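Trainee: using only what follows, build the 3D model:
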Amino acid sequence: MPCIAVFTDLDGTLLDHETYSWAPAAPALDRLRARNIPLILASSKTAAEIQQLRDAIGFGHMPAIVENGAGILEGGATAGTDRVDHDRIMRVLSQIPNTLRRDFEGFTDWGVEGIAHETGLSMPEARLAYARQFSEPGLWRGNAQAEAEFIAVLAEHGVQARRGGRFLTLSLGTTKADRMRELSSRIAPCRTIALGDAPNDVEMLQAASLGVVVKNPNVAPLPPLIGEADGRIIRTKLVGPAGWNEAVLKYVEIWNPELNRKQQEV
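Mentor: The predicted model follows:
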C-alpha cells in the first residue's frame, strides 16, 4: 500500500496562475511517478479538462476530483456527458431575483468565446472548460453585501457557492475534502498531503495529514488555518508550481525513509 497520497489543486498551485504551466513542478512529478505515489488532481476544472492534463503529466491511471468536488473522474476513464446536476443549478439561477442574478456572470453566460477571453485559454481549451457537468463557475460583478445575499438565496434552493482563486463556483455541495476522504478510503495511504491556494481548498488542507498552502501573490492570502500552529499546515515561500515542487520533494523524502534506503542499495 502507498505510504503517501498527494491531493492537489491546479490553478495557482500545481499550475502557474498566468501560464498554466507545471514545468517548475516537473522534478517532484517525476519523483512521484518513479515511486508509484498516487497523485490525485482536485480542481474546479471539468472532467474533460482534467482528463487531458492528467494524461499529460503521467497520472492518467489515477482518479481525479473534478468541478470543485462535485464529481469524480475515475482512473483511466473518459469524461462523461451527464449534465443533470449542471442543469439543476442553471434552473435555480433562472429562478432567483434578477436584482441578484444580473451581477453573476457564469461560464454558460459567456459561452466558449467568453471563457477564452476571461481566462486566457485557447479556444480548444475553452471548449473543454465549457463542458460543465456538475457546477457553474463565474465572476461576481456586484458588491460584497449583494454577494452574501446571492449566496444565501442559492443555499435556500440547495446550491452552494464556493470561492476559488479566480471564480465563484456554484455546485450542489460536495467538496474537495469530501472526495479526498472518499478516495483515501480506497487507496488507504498512511499519510495524505493536500496542496492548494484558495478558500475552496481550506477544508481539504485541514483534513489532510499535511496541508500545504501554496503561495499565490495574485489572490488574497488565506487567513491562518486550524493546524498551522502545530505545523500540520505549512505555507510555501516559493510561488505556484515552484513552491509545490519544493514541498512535495521535501515530504516524499521525510515520509519514505525505508523506500529511500532500498533505492540507494539498488
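Trainee: just checking, Ala28 touches Lys250?
Mentor: No. Between Ala28 and Lys250 there is no contact under C-beta atoms under 8 Å: 9.2 Å. For glycine as for every other residue, the C-beta is placed from the backbone atoms N, C-alpha and C.
Trainee: which of these two has more neighbours?
Mentor: Ala28 (24 against 13; other C-beta atoms under 10 Å).
Trainee: helix or strand: which one has that one?
Mentor: Using DSSP states H and E, Ala28 maps to helix 26-34.
Trainee: so what's Pro257 scoring on pLDDT?
Mentor: What the model reports for Pro257 is a pLDDT of 53.
Trainee: quick revisit: CA atoms only: put the helix holding Ala28 into PDB for me.
Mentor: What follows is helix 26-34, C-alpha atoms only, in PDB (Å, rounded to 0.1, in the frame of the first residue of the first chain):
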ATOM      1  CA  ALA A  26       8.500  18.500 -13.000                       C
ATOM      2  CA  PRO A  27      11.100  17.100 -10.600                       C
ATOM      3  CA  ALA A  28       8.500  16.300  -8.000                       C
ATOM      4  CA  LEU A  29       6.100  14.900 -10.500                       C
ATOM      5  CA  ASP A  30       9.000  12.600 -11.800                       C
ATOM      6  CA  ARG A  31       9.700  11.500  -8.200                       C
ATOM      7  CA  LEU A  32       6.000  10.600  -7.600                       C
ATOM      8  CA  ARG A  33       5.800   8.600 -10.800                       C
ATOM      9  CA  ALA A  34       9.100   6.800 -10.000                       C
END
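Trainee: can you list the buried residues in it?
Mentor: Ala28, Leu29, Arg31, Leu32 (16 or more other C-beta atoms under 10 Å).
Trainee: and what of stretch 183-193?
Mentor: Buried, per 16+ other C-beta under 10 Å, within stretch 183-193: Leu183, Ser184, Pro189, Arg191, Thr192, Ile193.
Trainee: what's the end-to-end length of it?
Mentor: 13 Å (C-alpha to C-alpha, to the nearest Å).
Trainee: which residues sit against that stretch?
Mentor: For stretch 183-193, contacts defined as C-beta atoms under 8 Å, 6 or more residues apart in numbering pick out 1-7, 38, 40, 63, 65, 72, 180, 207-212, 247-248, 251, 255.
Trainee: separate out the buried members of the residues you listed.
Mentor: 4-7, 38, 40, 63, 65, 72, 180, 207-212, 247-248, 251, 255.
Trainee: next step: the buried residues of stretch 183-193 restricted to strands.
Mentor: Under the assignment DSSP state E, the buried residues of stretch 183-193 contribute Arg191, Thr192, Ile193 to strands.
Trainee: what would those residues look like in JSON lines with pLDDT and distance to Leu128?
Mentor: JSON lines is the format used below for those (pLDDT from 0 to 100; distance: C-beta to C-beta, whole Å):
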{"residue": "Arg191", "pLDDT": "93", "distance to Leu128": "33"}
{"residue": "Thr192", "pLDDT": "95", "distance to Leu128": "28"}
{"residue": "Ile193", "pLDDT": "97", "distance to Leu128": "27"}
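Trainee: many thanks, I have nothing further to ask.
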